[in-house]
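Novice: make a model of this:
(2 chains)
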Amino acid sequence: MQPPPAPLARPASLTELFTAFTALALQGFGGVLAIAQRVLCEERRWLTREEFVETLAVAQVLPGPNVVNMSLMIGDRFFGWRGAVSALAGMMCAPLVLVLALAALYTQFAQQPAVAGALKGMGAVAAGMIVGTALKLVPVLRENPMGRPACFGIGVAVFACIALLRWPLLWVLLVLGVAAYAFAWMRLRGAS
Amino acid sequence: MMTLSFAEWLQLCGHFLLLSFAAIGGAIVIAPEMHRLMVTQTGMLTDAQFSASIAIAQAAPGPNVLFVAVMGYQAAGLAGAAATLFGIMLPSSTLAFAASRWSHARQDWRAVRAFKAGLAPVTIALLVATGWILAANTPGWAHLLLTIGAALVVWRTRVHLLVLIGVGAVVGALGWI
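Specialist: Have a look, this model is predicted:
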């Protein structure tokens, strides 16, 4: 058995929600998901890993940027629509100012080999961070009603279709996502 | 950089409002469609500006969707950035908000529980695939080692992620990868 997890916390105010998401977004180089998982599940403990995966699952099948969708869903859960707006604003405002400033400067620095090299190195690390985050979330599947072999099979199939065959996400979701959904539904019906 | 009339602003915003609905998997999925609109069809951006928009957003912290704002900015300044970002965000955010409310109110329904259970392995596999695709875009052993190292450190340790990014930047700036 795993040790019982420490109790979850929750943001005290809209301001805390806003500043937490601002801080999180500003640390998210090459994507915010890795740092979001670290901050929300491990540092602030606002979500369990299970809740993180569930929220991400909803965000992923909907149109729009996943982390942005996630931030407003999480904000909504704590403080309703005002929470959604605060979390969303936290995620977007400071990075937006920064990226526009960078756009204004970009042409002067883009040619420098050191800058180009640094960006390449950051890209390599960012790719690894996403994979590492995924590995950390794998234990969530232990309690999955579909069972571990089915989860493994679905995961491998999705990976192969997207990463190796490079099929469009929409079709992979329509075929494999719907199949997984149907299978989970039957398992849950059998269990009840 | 051009100056938009109000009608042009609405038109640009409207294009991105429609594109937003197709952005399943994130805004980067519809980058080819944006390229068609901004470069080929309207000529608001050059090819180089389009690629630079994505590169700039990736270099900066924050959600990757901000490349859409950079695109608007390069085409038509702050007004352009407002048009593209507002357009791309409004439909998807509204939908996400509604879906979150809907599913949270019905979290005991078998249909909702099955969705979460069924999609959990899909979600995790998609993360691995994302990392894979990002890594595979740049070939080279040193590059791959750096990616694998970062994955292991994130998985197994609590080293701060900014430290990792910093290491990547230094290694890259020194020209080791």
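
Novice: and the pLDDT for the residue positioned nearest the centre of chain A?
Specialist: Residue closest to the mean C-alpha point of chain A, counted by CA atoms, centre = their mean, is residue A:33 at 3.9 Å. Among the per-residue scores, residue A:33 shows a pLDDT of 92.

Novice: thought it was touching residue B:127?
Specialist: Yes. Using CB atoms under 8 Å, residue A:33 makes contact with residue B:127 at a distance of 7.0 Å. Heads up, the C-betas are built off the backbone N, CA and C, glycines and all.

Novice: what touches both of those two?
Specialist: Common neighbours of residue A:33 and residue B:127 are listed as A:130, A:133 (criterion: CB atoms under 8 Å, 6 or more residues apart in numbering or on different chains).

Novice: what packs against the helix or strand containing residue A:99?
Specialist: Counting by DSSP states H and E, the element that carries residue A:99 is helix A:66-109. With contacts taken as 3 or more CB pairs under 8 Å, 6 or more residues apart in numbering or on different chains; DSSP states H and E, helix A:66-109 sits against helix A:14-26, helix A:33-37, helix A:49-61, helix B:47-59, helix B:66-105.

Novice: could you give the angle of the helix or strand of chain B with the lowest mean pLDDT to helix A:66-109?
Specialist: Every helix and strand in chain B was compared by mean pLDDT, DSSP states H and E; the lowest is helix B:47-59, with a mean of 82. For the pair helix B:47-59 and helix A:66-109, the angle between their directions (axes from the mean of the first three to the mean of the last three CA atoms, to 10 degrees) equals 120 degrees.

Novice: which neighbouring elements make contact with helix B:47-59?
Specialist: The elements that helix B:47-59 packs onto, with contact taken as 3+ CB pairs under 8 Å, 6+ apart, are helix A:66-109, helix A:113-137, helix B:31-35, helix B:66-105.

Novice: most tightly surrounded among the ones you listed?
Specialist: Greatest average neighbour count among the helices and strands packed on helix B:47-59 goes to helix A:113-137 (a mean of 23), per mean count of other CB atoms under 10 Å in any protein chain shown.

Novice: and that one, does that touch chain B?
Specialist: Yes. Where contact is defined by CB under 8 Å from any CB of the partner chain, part of helix A:113-137 touches chain B, namely A:113-115, A:117-137.

Novice: show me what counts as buried in the least confident helix or strand of chain B.
Specialist: Judged by neighbour count (16 or more other CB atoms under 10 Å in any protein chain shown), helix B:47-59 contains these buried residues: B:49-50, B:52-59.

Novice: now those as a markdown table including distance to residue A:189?
Specialist: As requested, those are arranged in a markdown table below (distance: CB to CB, whole Å):
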| residue | distance to residue A:189 |
| --- | --- |
| B:49 | 53 |
| B:50 | 49 |
| B:52 | 52 |
| B:53 | 48 |
| B:54 | 45 |
| B:55 | 49 |
| B:56 | 50 |
| B:57 | 44 |
| B:58 | 44 |
| B:59 | 49 |
